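Colleague: The sequence and its predicted three-dimensional model are supplied below.
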Amino acid sequence: MSSIKGKNWLVFFLFLFAGIVLGGFLGDWLGSYDALKWLAYGKTFGIQTVTLNLSIIQLTFGFQISINLASILGMCLAIFIYRKI
């Protein structure tokens, strides 16, 4: 069984990101079916938007993450696949 220590961290984060994104998409898509509605259950959290008005330019900063159960399953699957290769 290999560990994450000896492998490339960039590849690990790419696998992790892909698992979260694909799991989130699948959760939203499959959540429209009654039997799989539990996959779309999730929470959204982040920080409020902050606007900086400099007369010439207006900048708005904010951060929000929406996680559902399918994205967590996708993350776990990505870690499992990464450890197997």
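Modeller: Structure received.
Colleague: State the pLDDT value of the residue most central in space within the chain.
Modeller: Centroid-nearest residue in the chain, with CA atoms, centre = their mean: residue 20, separated by 3.7 Å. Residue 20 is assigned 93 on the pLDDT scale.
Colleague: my read: it touches residue 77, true?
Modeller: No. Judged on CB atoms under 8 Å, residue 20 makes no contact with residue 77 at a distance of 10.2 Å. Quick note: C-beta positions are derived from backbone N, CA and C, even for glycine.
Colleague: any residues touching the longest helix anywhere in the chain, and which ones?
Modeller: For the chain, the longest helix by residue count, based on DSSP state H, is helix 9-30. With CB atoms under 8 Å, 6 or more residues apart in numbering as the test, helix 9-30 has contacts from 4, 36, 39-40, 42, 66-79, 81-82.
Colleague: for this structure, which spans come out with low pLDDT?
Modeller: 1-7 (pLDDT under 70).
Colleague: Which residue in it shows the largest distance from the geometric centre?
Modeller: Of all residues in the chain (CA atoms, centre = their mean), residue 55 lies farthest out, 35.6 Å.
Colleague: Could you check how far that one is from residue 61?
Modeller: Using CB to CB, to the nearest Å, we find residue 55 at a distance of 18 Å from residue 61.
Colleague: would you list every one of the strands in this structure?
Modeller: Applying DSSP state E to the chain gives strands spanning 42-53, 58-68.
Colleague: which of those strands is buried the deepest?
Modeller: strand 58-68 (a mean of 12; mean count of other CB atoms under 10 Å).
Colleague: Show me how far the longest helix of the chain is from its chain's centre.
Modeller: 6 Å (CA atoms, centre = their mean, to the nearest Å).
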